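# any chance you could fold what I've pasted below:
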Amino acid sequence: MPVRAGTTIDPDATRARVLEAAARLFYERSLAAVGMREVANESNASQLTIYRYFGSKEGLAEAVVRARSDRTHAWLREQLAELPPGRERVLAVFDLLTRWYAERNYRGCPVINYSADSRGGPTASDVTRGHLQRYRELMHELLAEAGVGEPDPLARQMLLLMEGSSVITQIDGSADCGADARAAAATLLDAALASGSTVSQPE
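The predicted model follows:
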């Protein structure tokens, strides 16, 4: 796409536009259904420019999802920072996710969608694994602050509730799963706090 004479090219702004357009298109219609020409048209950038910045469609998708993962975790930590450590701060994670699920046109977790669209390729697996690891680390931190003696097993259980409710919400189109996940999380957390540790795991 030609640039008008006298127009100053801002690489950072162009890259940001491409990422924004690609993120919206990929989320709305899936990675497989969107071509690079459409991303170029939506972002007012040439395909050559996009390939120069990202190398390939897969490289663009990876950059989109990494940026989305960063925003999601930054948002969670920013919201949680306003609450004191303890039980309610742990459960606030589920309140925040339920709010996200209730947004119009919620189509699931973009990172998990990317992994599915990429059919579990090595890059997608690495990105998704890192995203989930950050959730586990956050829950481990919150649980330890709340006084859970063995946070690792419970952090894994919390992650199952978080991601399970996300997937079911995406399929059913109802945000009620967020409240159900919160109730289950509260039961597990209260049991752990009452016993001084998490529920023992089977051998």
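
# and the lowest-mean-pLDDT helix or strand in the chain, C-alpha only, in PDB?
With mean pLDDT, DSSP states H and E as the measure, the helix or strand of the chain carrying the lowest mean pLDDT is helix 110-117 (a mean of 90). Presented in PDB, the C-alpha positions along helix 110-117 are these (Å, rounded to 0.1, in the frame of the first residue of the first chain):
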ATOM      1  CA  PRO A 110      -7.300 -16.000  22.700                       C
ATOM      2  CA  VAL A 111      -4.200 -17.900  23.700                       C
ATOM      3  CA  ILE A 112      -6.000 -21.200  24.000                       C
ATOM      4  CA  ASN A 113      -7.800 -20.500  20.700                       C
ATOM      5  CA  TYR A 114      -4.400 -19.800  19.100                       C
ATOM      6  CA  SER A 115      -3.100 -23.200  20.300                       C
ATOM      7  CA  ALA A 116      -6.100 -25.000  18.800                       C
ATOM      8  CA  ASP A 117      -5.900 -23.100  15.500                       C
END
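
# continuing past that helix, what's the next helix or strand?
Using DSSP states H and E, the helix or strand that follows helix 110-117 in sequence is helix 122-146.

# okay, helices next: where are they in this protein?
Along the chain, the stretches classed as helices by DSSP state H are 11-29, 36-43, 47-54, 57-80, 87-101, 110-117, 122-146, 151-172, 176-195.

# kindly report which one of the ones you listed carries the lowest mean pLDDT.
For the helices of the chain, the weakest mean pLDDT is recorded on helix 110-117, namely a mean of 90.
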